[in-house]
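Enquirer: Following is a predicted model, sequence given first.
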Amino acid sequence: PVTPGAPESVHLAAWPVADESLIVDGLGARVDLARRVTELGRAARAEAKVRTRQPLRRALVASGAWQQLGDDLRAQVCEELNVGTLESLADADGDLVDHSAKGNFRNLGKRFGKETPQVAAAIAAADAGALAASLAAAGTATVDLDGSPVEVGPDDVIVSERPREGWSVVNDQGETVALDLELDDELRLAGLAREAIRVVQEARKSSGLDISDRITLAWSADGPMAEALRTHTALIADEVLATSITEGVDVPAFTDADLGLSFTVTKA
């Protein structure tokens, strides 16, 4: 039906007038930052080969980004990255990256000539973390050459970074995201529950069920998967639209050998 008095065509309709009083200053920039942090977090997961379905305890971002995001966008980033909390790197215990440094002989040779091997040895003997920090902050650093200070620059030193065990760290365009990869039993069970949700959803689709159809779910599993299903019954029921979930199935319609899970899905 056509609304009485409406224009003959949508192409002839007037555009609504924007209420500029509703525009939140800086929101666009904050959303862009949230997207960048999310992309870096996903890259960190991919680098560590950790599936998005596996919940992680926390992600760390630079303190400036953490403050700019605010509570609302921090919660959104947590949801996108499937992490429990988003925290500031400034609150982390110790550095997350191990540094190593060595001399760039090609550049050192131009500056120091015959003293190049000695300067390179001084670079290798210096605190690599402090050296990297000084080069990043000031563009120069000082090393000790037989009791005398020698200034070196970024082109004189090759700095390598390696995330410490248990962390995946990605840096890009001035932003840093670090993922805590340590898993406890609680996180492992939550990850298994997410995997169970995935295979049940695939079974729903292959069974020809509509996206809104309610189901009954019966399952059989052993070990950690069984514990995950018992622990996260409410979550699984909510995600797969199950009106009931029961343990024990005589003739399973679906089996996932990798997960050790057998189950039936029936329209409720």
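Expert: Noted; the coordinates are in hand.

Enquirer: all strands for the stretch 151-268 of the chain, in order.
Expert: Per DSSP state E, counting those that start in this stretch, the stretch 151-268 of the chain carries strands over the ranges 157-163, 167-172, 175-180, 215-221, 242-247, 254-256, 261-267.

Enquirer: winner for burial among the ones you listed?
Expert: Greatest average neighbour count among those goes to strand 175-180 (a mean of 22), per mean count of other Cβ atoms under 10 Å. No exception for glycine: its C-beta is placed from N, CA and C like everyone else's.

Enquirer: now what about that strand, what contacts it?
Expert: With contacts defined as Cβ atoms under 8 Å, 6 or more residues apart in numbering, strand 175-180 is touched by 33, 36-37, 40-41, 43-45, 48, 50, 56-62, 65, 81, 83, 89, 92, 96, 163, 166-170.

Enquirer: Okay, now the unreliable bits of the protein?
Expert: 1-2, 92-95 (pLDDT under 70).

Enquirer: what about 90?
Expert: 1-28, 62-67, 88-100, 129-130, 132-139, 146, 159-165, 171-176, 249-252 (pLDDT under 90).

Enquirer: returning to that earlier point: got CSV for the strands of the stretch 151-268 of the chain, with distance to residue 186 too?
Expert: Below are the strands of the stretch 151-268 of the chain laid out as CSV (distance: least, Cβ to Cβ, whole Å):
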stretch, distance to residue 186
strand 157-163, 23
strand 167-172, 19
strand 175-180, 14
strand 215-221, 18
strand 242-247, 20
strand 254-256, 22
strand 261-267, 20
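
Enquirer: Out of those, which gets nearest to residue 26?
Expert: Nearest of the strands of the stretch 151-268 of the chain to residue 26, taken as Cβ to Cβ: strand 175-180 at 17.0 Å.

Enquirer: Given the closest one, what are its sheet partners and their directions?
Expert: strand 56-61 (antiparallel), strand 167-172 (antiparallel) (DSSP bridges).

Enquirer: relative orientation of the last one and strand 157-163 in degrees?
Expert: Read that as strand 167-172. Interaxial angle of strand 167-172 relative to strand 157-163 (axes from the mean of the first three to the mean of the last three Cα atoms, to 10 degrees): 130 degrees.

Enquirer: ok, residues contacting strand 167-172?
Expert: Outside strand 167-172, the residues within contact range by Cβ under 8 Å, 6+ apart are 36, 40-41, 43-45, 47-48, 50, 96-97, 161, 163, 176-181.

Enquirer: do stretch 103-123 as well
Expert: 101-102, 124, 131, 143-146, 150, 152, 155-158.

Enquirer: Weed out the non-buried ones from the residues you listed.
Expert: For the contacts of stretch 103-123, a burial check counting by 16 or more other Cβ atoms under 10 Å picks out 101, 131, 143, 145, 150, 152, 156-157.

Enquirer: for these, which one is nearest residue 191?
Expert: The closest of the buried ones among the contacts of stretch 103-123, once distances to residue 191 are taken by Cβ to Cβ, is residue 101, at 37.5 Å.
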